[in-house]
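Participant: 3D, please:
(one chain, ligands or ions: 1)
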Amino acid sequence: MISFDSILGQEQLKQQLAAAAKDGRHSHAYLFTGEKGSGKKLVAKCFAKALQCTSEGDKPCGKCKSCLQMEEGSQPDVIFIGPDDKDKIGVDVIREKVNDDIIIRPYAGPYKIYIIDGAETMTVQAQNALLKTLEEPPKYACLFLLTSSVEEILPTILSRSVRLSLKPLPDEIIKNYLMSKLRVPDYKADTYVAFARGNLGRAIELLEREGFEEVKQQAIALLKSMDSADMGELYLKASALGKDKNDEVLKFFTIWYRDALCYKAMNQTEGLIFQEEIQYIKKVSREISYEGFEQIFRALDKTQELIRANVNMETAFELLFVAIRDCKKE
Ligand SMILES: [Zn+2]
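Facilitator: Numbering: from 1, shown residues only. Predicted coordinates for the structure are as follows:
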């Protein structure tokens, strides 16, 4: 059930929205910002549910007709709009689903709420059309714009909206959720948490994505063969992983060396991500000096830059592997 309690983290934001729903003091337009997977839609839905709730007490009550309709996705006065299959929201959609519709009074609830997900995909014309409504919305109207890239929203829209940012979640909250709700074992949960960087949606997406574990194993295999294999062969193997996997492989490399550095500094294995490779991590930590680790992290950053700049991947990996190998020789 959607309730403020069911949303993880975002304590301040939840309090603010719950209070606004309770005392009826709220704006006509909100802009929810946050990365993809950060929970914007859930928060917006919950706020819409609370606004439409007819209970006298805490909202959303979860029991009134409107709350039940929200759960079923059949609340007639909460309208969802999102990008089409070309990943755009065109001007016609805004005219038809917002501007022409908003003049019709709410069917049952106190408000008419429009939730525009992926607001950054609105074309400039669409945004300008929406602006007309934002300038003079009917009293009962509420518009929620959800976006992961606020820089693509026109300043004239921004200035008419109350901006609410979703914050990254603490690692413990994500780990706890993965372990208790999704039954991810402890040692695996740490990997997903490291990749999620405070974004629960990303953690879940990786968990569901086929091949993520495989990329991890490929990354480990590459790291382990660093000492023995022929270098040319290594570049080929690394670049053969394909461009879409490279970011993840590099992230695994970074976590691997960060683990080794942590072990070198603290001499304890608690908190390390590659728990199942602990013997190897210890070995790496002995082989590389502090200065060597610095060089490796610099090389990892550089490799990432090169790959993003579409440099030949073999070249990018060559730079990295040579740096790593040089560090070990010292
Ligand atoms: Zn209710």
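Participant: my guess is residue 186 meets residue 180, correct?
Facilitator: No: at 11.2 Å, residue 186 and residue 180 do not qualify as touching, with contact defined as C-beta atoms under 8 Å. C-betas here are computed from N, CA, C, even on glycine.
Participant: what is the neighbour count of residue 16?
Facilitator: 15 (other C-beta atoms under 10 Å).
Participant: nearest spatial neighbour of it, skipping sequence neighbours?
Facilitator: residue 164 (7.7 Å; C-beta to C-beta, 6 or more residues apart in numbering).
Participant: which helix or strand lies directly C-terminal to the strand or helix carrying that neighbour?
Facilitator: In this assignment (DSSP states H and E), residue 164 forms part of strand 162-165. Counting by DSSP H and E, the next helix or strand C-terminal to strand 162-165 is helix 171-180.
Participant: contacting residues for the residue of the stretch 151-300 of the chain found nearest the ion?
Facilitator: Going by C-beta to the ion, the ion is nearest to residue 164 of the stretch 151-300 of the chain, at 21.8 Å. The contact partners of residue 164, taken as C-beta atoms under 8 Å, 6 or more residues apart in numbering, are 13, 16-17, 30-33, 43.
Participant: contacts for the top helix by length along the chain, please.
Facilitator: Across the chain, the longest stretch assigned as helix under DSSP state H is helix 243-266. Contact partners of helix 243-266, identified using C-beta under 8 Å, 6+ apart, comprise 191, 194-195, 212, 215-216, 218-220, 222-223, 238, 241, 269, 271-274, 277, 281-282, 284-286, 288, 290, 293, 296-297, 300, 303-304, 307, 313, 320.
Participant: any buried residues in that helix, and which?
Facilitator: For helix 243-266, burial by neighbour count (16 or more other C-beta atoms under 10 Å) applies to 245-246, 248-264.
Participant: show me how far stretch 191-202 is from its chain's centre.
Facilitator: Mean-position distance between stretch 191-202 and its chain equals 8 Å (C-alpha atoms, centre = their mean, to the nearest Å).
Participant: list the buried residues for it?
Facilitator: Neighbour counts over stretch 191-202 (16+ other C-beta under 10 Å) mark 191-196, 198-202 as buried.
Participant: show me the residues you listed that map onto helices.
Facilitator: Using DSSP H, the buried residues of stretch 191-202 in helices are 191-196, 200-202.
Participant: buried set for stretch 144-153?
Facilitator: Using 16+ other C-beta under 10 Å as the test for burial, stretch 144-153 gives 144-148, 153.
Participant: now for the residues you listed: which two are most distant?
Facilitator: Using C-beta to C-beta, the two most remote members of these are 144 and 148, lying 14.3 Å apart.
Participant: can I get the CA coordinates of the helix or strand hosting residue 80 in PDB?
Facilitator: Using DSSP H and E, residue 80 falls within strand 78-81. The C-alpha trace of strand 78-81 is given here as PDB (Å, rounded to 0.1, in the frame of the first residue of the first chain):
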ATOM      1  CA  VAL A  78      -5.400  11.700 -10.800                       C
ATOM      2  CA  ILE A  79      -4.100  11.700 -14.300                       C
ATOM      3  CA  PHE A  80      -0.800  10.200 -15.400                       C
ATOM      4  CA  ILE A  81       1.200  11.400 -18.400                       C
END
